[in-house]
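Undergrad: Output the structure for:
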Amino acid sequence: MVGSIESARNKPYSNGAHNSFEQKLDELRKFIGKFEGDLLKIVGIGAGAWGSVFAALLQDSYGQYRDKIQIRIWRRPGKPLDKHTAEHLFEVINSREDVLRRLIRRCAYLKYVEARLGDRTLYADEILKDGFCLNMIDTPLCPMKVVTNLQEAVWDADIVINGLPSTETREVFEEIRKYWKERISVPVIISLAKGIEAELEPSPRIITPTQMIHRATGVPIENILYLGGPNIASEIYNKEYANARICGAEKWRLPLAKFLRQPQFTVWDNSDIITHEVMGGLKNVYAIGAGMVAALTNESATGKSVYFAHCTSEMIFITHLLTEEPEKLAGPLLADTYVTLLKGRNSWYGQMIAKGHLSLDMGDSISGKGTIQGVSAIKAFYDLLSQASLNVLHPEANKPVAPVELCPILKILYKILITREQGPQAILQALRDENLNDPRDRIELAQTHAFYRPSLLGHNS
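TA: Residues are numbered from 1 along each chain as shown. Below you'll find the predicted structure:
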């Protein structure tokens, strides 16, 4: 195990946002069992917007203590920037005097000039070293230590941050397992991924990124945590006030919450890791539909509110299937949904599909945005809630139906994005269907019937 928790078990963990960063670093080093001269090694795996910002926040806060901590980020090598992106990046650089001076001081400016002129190809791992995330060009970060060799990145890391999309998590961590065979200590893993997979055999259940990591690596589930909340990566780095929850076993979530807190970034802790992960994936489903409705109604406030009423009622219904105390999730789920609808990539994707600016044939990995995780989540939730073994009693037909039959928005999103039976206009047709139930009826149904299915999250009945 990484260190011992006995000495710190009874220590109170207050907010800690105003403690000196060095003091918080010293406390975590002691907690993990680091001796003087032994670096605390943290590595981010994956360099999407949130993964890059998370690593950059740590670098800004703790990077100056080079004799105590090492912070690095891994991403795959060889992804080139197209000329349009290189030109836009050059404009961003020249619009920020602090960034321009930093690059000149580091003798790194000339390559961006050459790329702007088309005389050089820049690569995503190359620009990340200078503080530019390919999925978030408009928000320069601090310079970072970038590693492109996965074995070098993880083999002796104490804390691993999973910044990969949920669709890539299993594959990468299966590779990581090979590099941890000889380890004596067990790392701590914090997953930022929001997404799910559906496992239908031997019985229907949801698989979350932390469970994927546990299965892929064999790392005990108590050493794997989830961090998420209602936030936009670029705004967090620009010091907008934000909050998040770190969920998992008490022995790690308490000291890590304190370590990660900053004056503008409050980190709470919670024990319910799986349910929070699932909610993070669920809101992405309905964010795509919200983007479609916004585009198709020319940003009609009325149209968006009608959609919001129906999508929230479906989310409430689904949470009653997943948890015994769904009311505890209402606030966090709605907050995360709200910010995603306002500015998230899933909502943006829905808009672009509805406007015809993107094609479904382009897949769910979009240049400059990263992976649109709501697409795979739509398929997973639809597949899961279509299972006859989960049947519920239909309130009007008075017969057993699969839960998905009570989720018309989820059904139409599946037909638009997965089977492609219908075009984006179908979502408006679904909302205007005269036979569509009042959203209040769906909420009342969920609240008055025992729909909870413990097995969906791997719990015993």
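Undergrad: going forward, measure contacts between C-alpha atoms and count neighbours the same way
TA: Noted.
Undergrad: now the helices for the stretch 101-250 of the chain?
TA: Applying DSSP state H, counting those that start in this stretch to the stretch 101-250 of the chain gives helices spanning 109-116, 124-129, 150-154, 166-179, 209-217, 233-237, 250-260.
Undergrad: can you put those in TSV and add mean neighbour count, distance to V404 and mean pLDDT?
TA: Output for the helices of the stretch 101-250 of the chain, formatted as TSV (neighbours: other Cα atoms under 10 Å; distance: least, Cα to Cα, whole Å; pLDDT from 0 to 100):
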stretch	mean neighbour count	distance to V404	mean pLDDT
helix 109-116	17	50	96
helix 124-129	20	40	96
helix 150-154	19	40	96
helix 166-179	18	23	95
helix 209-217	21	23	95
helix 233-237	19	32	92
helix 250-260	21	35	96
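Undergrad: Among those, which comes closest to G363?
TA: Proximity to G363 (Cα to Cα) singles out helix 166-179 among the helices of the stretch 101-250 of the chain, at 12.7 Å.
Undergrad: Residues in contact with the closest one: which ones?
TA: The set of residues external to helix 166-179 that reach it, using Cα atoms under 8 Å, 6 or more residues apart in numbering, is 150-151, 154-155, 162, 193-196, 208-209, 212-213, 216-218, 373, 376.
Undergrad: ditto for stretch 415-430
TA: Residues contacting stretch 415-430 (Cα under 8 Å, 6+ apart): 289, 292-293, 296, 353-354, 360, 375, 379, 408-409, 412-414, 436.
Undergrad: In ChimeraX, how would I select just the buried ones from the residues you listed?
TA: The ChimeraX command for the buried members of the contacts of stretch 415-430 (criterion: 16 or more other Cα atoms under 10 Å) is given here:
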select :289,292,293,296,353,354,375,379,408,409,412,413,414
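Undergrad: Could you point out the longest helix of this structure?
TA: The single longest helix within the chain, with elements called by DSSP state H, is helix 273-296.
Undergrad: Give me the mean pLDDT for that one.
TA: On average, the pLDDT along helix 273-296 is 90.
Undergrad: Against which helices or strands is whichever helix or strand comes after that helix packed?
TA: With elements assigned by DSSP states H and E, the helix or strand that comes after helix 273-296 is helix 301-322. Counting contacts by 3 or more Cα pairs under 8 Å, 6 or more residues apart in numbering; DSSP states H and E, helix 301-322 packs against helix 273-296, helix 408-417, helix 439-448.
Undergrad: Measure how the second one sits relative to helix 273-296, angle-wise.
TA: Same thing as helix 408-417. Here helix 408-417 runs at an angle of 70 degrees relative to helix 273-296 (axes from the mean of the first three to the mean of the last three Cα atoms, to 10 degrees).
Undergrad: Quick one: work out the angle between helix 408-417 and helix 301-322.
TA: Counting by the same axes, to 10 degrees, helix 408-417 lies at 100 degrees to helix 301-322.
Undergrad: so how far is helix 408-417 off the chain centroid?
TA: 22 Å (Cα atoms, centre = their mean, to the nearest Å).
Undergrad: ok now the longest helix of the chain, how far from the chain's centre?
TA: Remark: helix 273-296 is offset 12 Å from the chain centroid, using Cα atoms, centre = their mean.
Undergrad: helices or strands next to it in the packing?
TA: So helix 273-296, by 3+ Cα pairs under 8 Å, 6+ apart, packs with strand 224-228, helix 301-322, helix 330-343, helix 345-355, helix 373-385, helix 408-417, helix 426-431.
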